[in-house]
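Undergrad: Test case, fold it:
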Amino acid sequence: MRGPLSWNRRRFLAGTAAASLWTIVPRSVLGGAGYVSPSEKLTIACVGVGGMGAVDMNQVLSEQIVAVCDVDDECAARAAVAAPEATRYRDFREMLAVQKDLDAVMIATPDHAHAVITLAALRHGKHVYCQKPLTHSVHEALEVARVARETGRATQMGNQGQATEAARLVSEYIWAGALGTVREIHAWSNRRPDISPRGIPRPADTPPVPSHLDWDRWIGPAPLRPYHPCYHPFHWRGWWDFGTGVLGDIGCHNLSAAFKALKLGWPTSVEACSTHWSAPEEVRRETAPLASIVTFHFPATPDRPEVVVRWYDGGMMPPLPRDVEVSHLFDADGTLIVGDEGMLLGAKLLPQAKAAAFGKPPQQLERSPGHYQEWLNACKGGPPAGSNFVDHAGPLAATVLLGNIAIRAEDKLYWDADALRFRNSDAADALLQPPYRDGWTL
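TA: Okay, the predicted model is just below:
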């Protein structure tokens, strides 16, 4: 794969130091469409306003919501209650062409449509907020990060936990030496199949499309298939053509803090085992597995040794660490960072005796004004948001999505960070960017 995949290791590891200073830049310096001074309200369009899209919109009502875009008229009508003056659209392309007063776009569609909408908005000069996992494929993550860098627009991915006090404490504990040398990370999610259906084949029945839904636009760049309520409005996440399974859904939340603290970059290898090993082909090709374990190996750097990251979902769990008194440690979604002198369960230092002796780490990072406020400030000339596409969200999403390829390839894959392809699998390379249906492109 060429062109957009020509991102090299240096760009991938580009630091987040640019986010450390607050600067208000005059409009005459920034230039370009869509910039407003910090004293003015942004004009924002919201694309995909059911579920998290409605949550996102409600977080920025201090600004001006001037457009609402959704292929489901019922979702758009509900959103219009909070933004009654907003113009309603079904097609984001029409919205970007017609709505000339837009400063920024928020995107909360199913994963498969993230990249095409994000890139269209960036190329129209708009600031962009996009829900996790940012994109549907590795190639898309790299392309979105590249275009975000080129356009200089303010961006933020919807992994809200990155802005919390806990996320900052993770870095500060590690940098202060509370854990000693970190060599392994365990992250997990118990997302139930009734919330995210998976391990199932495509349905055989073809019920009629509801009158309020534009099914062709909902499908977007994915391969065309008949409508079924098992996809929309909520249960699309487990279907490979539309979602990214539990790993894509939660991985960009659970791994964000460790990714920043340890500057993980690209892994050298990724492998997975899952319940798909015994599933028929019609299940494996359609949906994510009921449960999986994914292992990433990150190479040593001058600042740290090799780090192994293991992801668990569907009830799979890491072993209970020694010297930990809590028996139900892994009941909820979480992350355990293990060093040779201590552990972090989320931002809680373990064992308890270690926490009592060490106390809180020295503060080394500025605290966030809030995840959404970070983005709004960046749109108005402030520092880059903490999960901007260039420094954090693009690299993180690309790495997480490598894990899904390992699940589907059912083989240990060796990653070439310079060539941006696998060293040992053409079949896995093909999954870096699945083809779009005719009429759709990045």
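Undergrad: where along the stretch 101-250 of the chain do the helices fall?
TA: 114-123, 138-151, 165-175, 215-219, 245-254 (DSSP state H, counting those that start in this stretch).
Undergrad: Out of those, which gets nearest to A86?
TA: Closest approach to A86 among the helices of the stretch 101-250 of the chain is made by helix 114-123 (16.3 Å; C-beta to C-beta). Where C-beta positions appear, they are placed from N, C-alpha and C, glycine not excepted.
Undergrad: which of the residues in the closest one are buried?
TA: 114-122 (16 or more other C-beta atoms under 10 Å).
Undergrad: packing partners for that helix?
TA: Under the contact criterion of 3 or more C-beta pairs under 8 Å, 6 or more residues apart in numbering; DSSP states H and E, helix 114-123 touches helix 92-98, strand 104-107, strand 127-131, helix 138-151.
Undergrad: If we use 6 Å, what do you get?
TA: If you count contacts as 3 or more C-beta pairs under 6 Å, 6 or more residues apart in numbering; DSSP states H and E, helix 114-123 packs onto strand 104-107, strand 127-131, helix 138-151.
Undergrad: who touches that helix?
TA: For helix 114-123, contacts defined as C-beta atoms under 6 Å, 6 or more residues apart in numbering pick out 47, 92, 96, 105, 107, 128, 130, 135, 140, 144, 147, 151, 153, 221, 442.
Undergrad: quick revisit: can I get the helices and strands packed on helix 114-123 in a markdown table with mean neighbour count?
TA: Converted to a markdown table, the helices and strands packed on helix 114-123 look like this (neighbours: other C-beta atoms under 10 Å):
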| stretch | mean neighbour count |
| --- | --- |
| strand 104-107 | 26 |
| strand 127-131 | 28 |
| helix 138-151 | 23 |
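Undergrad: closest one to D411 among the ones you listed?
TA: Here helix 138-151 is closest among these (C-beta to C-beta), at 16.4 Å.
Undergrad: Contacts for the closest one, please.
TA: Applying C-beta under 6 Å, 6+ apart, the external contacts of helix 138-151 come out as 4-5, 7, 115, 118-119, 122, 134-135, 155, 389-390, 394, 397-398, 401, 432-433, 442.
Undergrad: what's the closest of the contacts of helix 114-123 to A378?
TA: Taking C-beta to C-beta as the measure, A378 lies nearest R153 of the contacts of helix 114-123, at 9.0 Å.
Undergrad: Now go through the contacts of helix 138-151 and say which are in strands.
TA: T155 (DSSP state E).
Undergrad: picking up where we left off before, export the helices of the stretch 101-250 of the chain to a markdown table and tack on distance to C69?
TA: Shown next, in a markdown table, are the helices of the stretch 101-250 of the chain (distance: least, C-beta to C-beta, whole Å):
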| stretch | distance to C69 |
| --- | --- |
| helix 114-123 | 9 |
| helix 138-151 | 19 |
| helix 165-175 | 31 |
| helix 215-219 | 10 |
| helix 245-254 | 23 |
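Undergrad: Take those helices and write them to CSV, including mean pLDDT.
TA: Converted to CSV, the helices of the stretch 101-250 of the chain look like this (pLDDT from 0 to 100):
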stretch, mean pLDDT
helix 114-123, 98
helix 138-151, 98
helix 165-175, 98
helix 215-219, 98
helix 245-254, 96
